[in-house]
Structure formats: C-alpha cells, structure tokens
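# Fold the following for me, if possible:
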Amino acid sequence: RIENGWGGMMLTVMKSSGFLTAFAPVIPLLLFFGFFLFSVLPWNTPRKSFWKVLSLTTGAPFNPVSFRDGFIGDILTSTVRPLQDLTFTVFYLTCGLQGWWTSAFQLHSAAEAVEKSWLVHTVLLPSCMVSPLWWRFLQNLRQCYETKQRWPYLGNALKYLIAAEVALFGVFNPGNKSTVVWITCFTGATLYQVWWDTFMDWELFVVQWDDGSFALRTRRLYPQKWIYMSIFFLNFLLRFCWTLSFIPQHYMLRSGVFVDAQNFPFDSAVAAAEILRRTLWGLIRVELAAIKLMEERKLEQESIVGSSSHRSTSLEQTDIDEDHDGRARVSMDIERFTPQNNGLLYKFFESDMSYMTDNQILGELCIWATVFTSLGIVAASHRK
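Numbers count the residues shown, from 1 in each chain. Presented below is the predicted three-dimensional model:
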C-alpha cells in the first residue's frame with residue numbers, strides 16, 4: 001500500500017511536469033535501437049557468423065554459392081513482408097525523430113509524412129520486394145557460370161524472374177491484378193513454382209513409365225508417407241500466398257493519391273502463411289540434401305575400398321559430382337556436341353556450355369540479367 005502510494009505520487013508528479021508527454025515518443029525509438037544493438041553486439045559471437053553468411057547471399061554473384069547460401073536465399077524470398085515492415089519502421093522513426101527534434105511535429109504524427117513519401121512507396125518498398133528475388137536470381141546465374149550447365153540453374157532463375165515481374169506489374173499498377181493477363185501470369189508462375197518445388201527441390205515423386213503414374217521416392221528419412229503428402233498439399237495451396245506477399249498493402253499513385261494495392265482481407269495472414277510454407281518446404285529440402293550427401297560419402301567409401309582390378313570397363317564412364325546447391329548430377333564422358341555439327345538455335349537450348357568460352361557464357365548470362373532489369377523498368381514506367 002505504501003509502495004502504491006509512492007508510485008501514485010511519482011506518477012502524478014511526472015504527469016504534472018509533462019515528463020511522460022515529452023518522453024513517451026522516445027520509447028519506440030529506444031526499443032528499436034535496443035533491438036538493433038542486440039543484433040550486432042557483442043560482435044565476436046555467432047552474430048558475426050550470421051552477418052557474414054548473410055553477406056555472402058546478398059553479395060551474389062560475386063561469391064561462390066553453396067547449398068547453405070542458396071537455402072538462405074530462398075528463405076529471404078519469404079521474408080519480403082517483414083523487410084517491408086522494417087523499412088517502413090526505420091523511415092517512420094527517422095521522420096518522427098527529425099520532426100520531434102526540430103519541433104515541426106511529434107513522433108506520433110510521422111505517419112502522415114510517411115504516407116505522403118514518394119521515396120518510401122515508389123523506391124524503398126518495391127526494392128524490398130524485388131531484392132530477395134534478384135539475389136536468388138543472381139545466385140543461379142553464378143552457379144550456371146561455375147558448372148557451365150544451363151539446367152537446372154537457368155530454369156530456377158526463370159522462376160524468380162517471372163515472380164518478380166508479376167509482382168512489379170501488380171504493385172506499380174494495382175488495376176492490373178483484375179485483368180485476365182495478370183491473373184493468367186500469376187497462376188502460371190505459381191504452378192511453375194509448385195512443379196519446381198516438387199520435382200526439382202524435393203525430387204518428391206518418381207514417374208512410373210510403364211503406366212504413367214507417380215510414386216514417392218524410395219529414399220526417405222521421415223518414417224510416414226503422410227508427412228510428405230501433407231507438406232505437398234499445403235505447399236500447393238500456400239504457394240499462391242508467396243507472390244501475394246510481395247505486393248505491399250498500400251501504394252502511392254503518380255498523382256500522389258494513396259490507394260490499397262492489396263485488397264486481400266487477411267493481409268497479415270498471407271505473410272504468416274508464407275513463413276509456415278517456407279518452414280515446411282525447408283524440411284524436405286534439407287532432407288533431400290542430407291540423403292544425397294550420404295549417398296556421395298557412401299560412393300566415396302566404396303571407391304576407396306574397391307580395387308582397380310575389380311572395376312569393369314565400359315564404353316561410357318560415369319562420374320558423380322555435387323553441385324554447389326547440393327543437387328547431385330550425373331555427367332557422362334560422351335562425345336560433346338559442337339557448334340560445327342549443330343545449329344545455333346539448338347545450342348542455345350542445350351544444357352551443356354563447356355564448349356563456350358567464359359566471355360561467351362558471361363554474355364549470355366548478362367542477357368538474362370538485362371531482361372530482369374528491363375522488365376522491371378517497363379513496369380515502373382507504366383505506373384499509374
């Protein structure tokens with residue numbers, strides 16, 4: 001009772017002196033900076049490794065891409081909405097602190113300045129939307145250059161290119177989302193992502209060529225089949241939330257009018273569903289990488305134990321490699337196609353690029369990067 005009396009007295013004094021009114025706007029700022037300091041200090045801890053690994057992902061294509069880097073890149077593509085919220089928070093606090101310091105307005109009045117900011121709604125938020133897709137796109141180009149193989153890396157890069165352009169055309173012109181063209185592109189991009197998840201990232205099903213049916217792969221780590229089927233169906237349904245999560249909830253038109261770019265009533269649920277989907281996706285993605293790593297080590301042990309006298313000769317020699325993203329590939333030492341005996345159009349669709357020089361490969365990859373950026377510029381130039 002005495003403590004309550006002293007607390008009430010102190011509260012009355014602070015209210016009468018205006019201390020709470022002056023200090024209240026600073027509390028969100030202190031919490032934000034406290035969170036930022038906690039994420040970097042002390043530096044010589046796992047925090048240093050975290051930021052270093054993150055820099056390797058965002059530094060594509062200047063760094064080699066490992067399975068870890070590609071996995072983190074995929075995770076970043078599912079954190080677009082949190083990145084947009086973080087950017088909005090930083091700009092909100094910066095404007096509020098500036099207005100509070102110059103006595104132009106209080107921190108709680110900074111929302112109006114943020115809503116009218118051209119920089120936030122036409123540059124920062126769209127950049128947060130497309131940057132993770134751009135990083136992952138460049139990672140695939142780097143893997144294509146290192147392995148000199150178009151497939152599967154350019155096919156994976158195409159997935160992020162299409163997703164980025166669908167999202168950009170949807171955010172810069174919200175009216176596009178009601179057109180048949182945009183809906184068709186959105187549906188096609190999503191189905192392509194589902195196919196890639198199932199048959200490339202997971203290799204979940206194998207085709208029974210005798211009757212054309214599908215069956216789960218035989219090598220599995222999880223004991224129950226229903227785990228894989230449940231994740232497959234949830235991933236199929238929630239994949240549609242992935243592209244929707246890229247589009248900001250609000251957007252400023254060229255005329256300065258603030259409109260809703262996302263009409264979905266459960267916007268926060270879309271972002272949460274995408275995080276859940278990515279978690280389930282990662283369970284099978286890491287499982288497949290572990291299986292292939294065990295198979296690779298088993299083959300290495302067998303090659304060490306086995307003697308060269310017991311090796312059978314054949315017309316073709318098979319070597320098993322491990323790509324940087326953990327996906328095993330089988331390469332045959334067969335006669336490679338050359339431009340002399342094949343047309344240029346056929347060579348463009350051929351996976352093998354070993355006959356090309358480094359400059360030729362870089363030139364082709366630059367075309368891919370130019371298409372990505374050019375379509376983004378076209379989408380921005382047609383903003384309402």
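# so T370 is in which element?
T370 is part of helix 358-381, with elements assigned from DSSP states H and E.
# and that helix, what does it pack onto?
helix 125-147, helix 153-172 (3 or more C-beta pairs under 8 Å, 6 or more residues apart in numbering; DSSP states H and E). Every C-beta, even on glycine, is put in place using the N, C-alpha and C of the backbone.
# tell me which residues in the shortest one are buried?
So that's helix 153-172. 153-154, 156-172 (16 or more other C-beta atoms under 10 Å).
# likewise stretch 352-367?
353, 361, 364-365.
# Go through those and say which is closest to S268.
Nearest to S268 out of the buried residues of stretch 352-367 is L365 (C-beta to C-beta; 37.8 Å).
# Neighbours of the residue lying closest to that closest one once chain neighbours are set aside, how many?
Spatially, and ignoring its direct neighbours in sequence, L365 is nearest to L141 (4.7 Å; C-beta to C-beta, 6 or more residues apart in numbering). L141: 24 surrounding residues under other C-beta atoms under 10 Å.
# ditto for F240
20.
# I figured it hits L191, correct?
No: counting by C-beta atoms under 8 Å, F240 stays clear of L191, with 9.7 Å between them.
# Kindly provide the distance from the residue nearest to L365 to Q149.
Going from L141 to Q149 by C-beta to C-beta, to the nearest Å gives 12 Å.
# Same question for V171.
The spacing between V171 and Q149, counted by C-beta to C-beta, is 34 Å.
# just W281 next, same as before
According to C-beta to C-beta, W281 stands 24 Å off from Q149.
# so where's the stretch 1-150 of the chain uncertain?
Residue ranges of the stretch 1-150 of the chain with pLDDT under 70: 1-26, 28, 96-116.
# Tell me which stretches of the stretch 151-300 of the chain form helices.
Remark: helices assigned in the stretch 151-300 of the chain by DSSP state H, counting those that start in this stretch are 153-172, 180-196, 225-244, 267-305.
# highest average neighbour count across those?
helix 153-172 (a mean of 23; mean count of other C-beta atoms under 10 Å).
# how close does the residue nearest to R136 when sequence neighbours are not counted sit to Y355?
Leaving out its chain neighbours, the residue that sits closest to R136 by C-beta to C-beta, 6+ apart is G73, at 4.3 Å. Using C-beta to C-beta, G73 is found at 29 Å from Y355.
# and what of E287?
In terms of C-beta to C-beta, E287 sits 36 Å off from Y355.
# One more: L365?
Distance check for L365 against Y355: by C-beta to C-beta, it reads 16 Å.
# Tell me if I'm right that L124 and Y92 touch.
No: applying C-beta under 8 Å, one finds L124 not in contact with Y92, separated by 11.5 Å.
# anything in contact with each of those two?
Both L124 and Y92 lack any common contact, where contact means C-beta atoms under 8 Å, 6 or more residues apart in numbering.
# T122 - that's part of a helix, no?
Yes: T122 sits within a helix when classified using DSSP: H, G, I helix; E, B strand; the rest coil.
# Could you report the neighbour count for it?
By the criterion of other C-beta under 10 Å, T122 has 18 neighbours.
# now L54
13.
# does the residue nearest to it when sequence neighbours are not counted belong to a helix or a strand, and which?
Nearest residue to L54, sequence neighbours excluded (C-beta to C-beta, 6+ apart): I72, at 7.0 Å. Assigned by DSSP H and E, I72 belongs to helix 67-76.
# Just the buried positions in that helix, please.
67, 69-76.
# which residues touch F236?
So F236 contacts V194 (C-beta under 8 Å, 6+ apart).
# any idea how far A163 is from it?
When F236 is compared with A163 (using C-beta to C-beta), they lie 16 Å apart.
# L93 too?
31 Å.
# Which pLDDT does the model give the spatially closest residue to W196 that is not a sequence neighbour?
Counting by C-beta to C-beta, 6+ apart, K159 is the residue found nearest to W196 once chain neighbours are left out, at 5.6 Å. Per-residue confidence at K159 stands at 94 (pLDDT).
# isn't L276 right up against N235?
No: counting by C-beta under 8 Å, L276 does not reach N235; the two are 10.0 Å apart.
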